[in-house]
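Asker: Make a model of this:
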Amino acid sequence: MTPTDVHSLVGAYVLDAVDDLERAAFERHVGECPSCRTELDELRETSARMADSTWSVPPPQLKSSVMAAVGRTRQLPPPETIKPERKLRGSRTQRWTLAAAAAVVLAAGTGTTVFAIQDQRVRDQSAIASAAELRQERIQSILASPDLVVRTSPMRGGGKVTVASSATRNASVVALGADSAPQSDQAFQLWSLRGDTATDAGVLAAGEGSAVQVVDGLPGNDGLGVTLEPAGGSKVPTAPLFAKVSLT
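Answerer: Numbering: from 1, shown residues only. Okay, the predicted model is just below:
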């Protein structure tokens with residue numbers, strides 16, 4: 001890479017548009033070139049100011065305005081007709097113009113990306129809220145069932161588990177409240193119990209000491225068990241049971 005090539009990298013370097021080899025060469029060069037250091041500092045300041053507005057949606061007319069400005073910009077004459085001192089200034093002006101235009105495009109693109117991310121977050125929050133509302137409606141419908149049966153059991157270490165079951169809904173609402181929450185790498189796990197068989201009925205979040213869960217298919221089983229498992233749950237229950245609610 002020639003010295004001229006290294007000088008021309010200042011705009012691309014500010015916009016992080018260089019490869020590893022070009023970045024290393026320019027960083028070595030800029031330590032020895034006061035002119036490039038000055039231009040680097042000025043262009044960084046300009047790019048930072050132009051990026052101040054990237055957190056808002058770019059105006060629809062931005063692209064047309066930039067393209068119109070490009071059309072009005074006077075082009076420099078061919079290099080052979082320019083005197084050496086003017087050629088240097090022209091080269092630097094061209095680099096500034098290209099870098100500034102790139103910064104504008106970068107800012108516009110960033111703004112659009114941020115808008116898309118924010119829009120997706122709004123959609124995600126809306127979906128979470130809708131799911132929570134449907135879950136609450138289902139809990140209320142189970143608790144309002146005329147055949148509702150409520151049973152409780154104390155928990156090892158303090159607290160209790162309440163199971164409200166509806167055979168017609170074939171579902172139960174399980175409310176667990178422990179006096180002491182598990183450690184951050186452990187979680188309470190629910191099990192439907194039938195004879196000697198225990199089937200996973202849901203795992204609470206790690207470190208969570210209280211929760212309300214809907215368990216489908218629980219009515220008709222012998223009981224509900226609660227164990228303390230590693231975060232994420234286990235395939236088989238770990239003894240001892242922290243609680244057992246009889247459903248028969």
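Asker: all helices of the protein, in order?
Answerer: With helices called from DSSP state H, the chain shows them at 3-7, 10-14, 20-30, 34-51, 62-72, 84-143.
Asker: Which parts of the protein belong to which domain?
Answerer: Taking automatic domain parsing as the reference, the chain has its domains at 3-118, 149-246.
Asker: quick revisit: which of the helices of the chain comes out lowest on mean pLDDT?
Answerer: For these, mean pLDDT drops lowest on helix 62-72, to a mean of 57.
Asker: measure residue 172 to residue 147 for me?
Answerer: According to Cβ to Cβ, to the nearest Å, residue 172 stands 12 Å off from residue 147. C-betas here are computed from N, CA, C, even on glycine.
Asker: who's more crowded, the two?
Answerer: Between residue 172 and residue 147, residue 172 has the larger neighbour count (other Cβ atoms under 10 Å), namely 30 against 10.
Asker: contacting residues for that one?
Answerer: Shown in contact with residue 172 (Cβ atoms under 8 Å, 6 or more residues apart in numbering): 142, 163-166, 214-215, 218-219, 224.
Asker: Please pick the buried ones from those residues.
Answerer: If you count burial by 16 or more other Cβ atoms under 10 Å, the buried members of the contacts of residue 172 come out as 142, 163-166, 215, 218-219, 224.
Asker: tell me, how many neighbours does the closest residue to residue 176 other than its chain neighbours end up with?
Answerer: Excluding its sequence neighbours, the residue lying closest to residue 176 (Cβ to Cβ, 6 or more residues apart in numbering) is residue 161, at 5.1 Å. Each residue near residue 161 was counted by other Cβ under 10 Å, and the total is 23.
Asker: do residue 175 as well
Answerer: 16.
Asker: And residue 169, by the same measure?
Answerer: 19.
Asker: check contacts around it.
Answerer: 141-142, 145, 219.
Asker: separation between it and residue 139?
Answerer: On the measure of Cβ to Cβ, residue 169 and residue 139 end up 11 Å apart.
Asker: shared neighbours of residue 172 and residue 147, which are they?
Answerer: Shared contacts of residue 172 and residue 147 (Cβ under 8 Å, 6+ apart): residue 166.
Asker: Please work out how many residues are found near residue 176.
Answerer: Residue 176, neighbours per other Cβ under 10 Å, totals 23.
Asker: Report the separation between it and residue 18.
Answerer: As for residue 176, its distance to residue 18 is 56 Å (criterion: Cβ to Cβ).
Asker: Return the member of the buried ones among the contacts of residue 172 nearest to residue 243.
Answerer: residue 224 (8.1 Å; Cβ to Cβ).
Asker: what are the bridge partners for that closest one, then?
Answerer: Beta bridges link residue 224 to residue 192, residue 245, judged by DSSP bridges.
Asker: where does it land on pLDDT?
Answerer: The model reports residue 224 with a pLDDT of 96.
Asker: Check the one 10 residues further on too.
Answerer: Residue 234 is assigned a predicted lDDT (pLDDT) of 96.
Asker: again, but for the one 5 residues further on
Answerer: pLDDT, residue 239: 92.
Asker: residues in contact with it?
Answerer: Per Cβ under 8 Å, 6+ apart, neighbours of residue 239: residue 227.
Asker: who's in contact with the closest residue to residue 150 other than its chain neighbours?
Answerer: Nearest residue to residue 150 in three dimensions, chain neighbours excluded: residue 164, at 4.7 Å (Cβ to Cβ, 6+ apart). Contact analysis of residue 164 by Cβ under 8 Å, 6+ apart lists 142-143, 148-150, 172-175.
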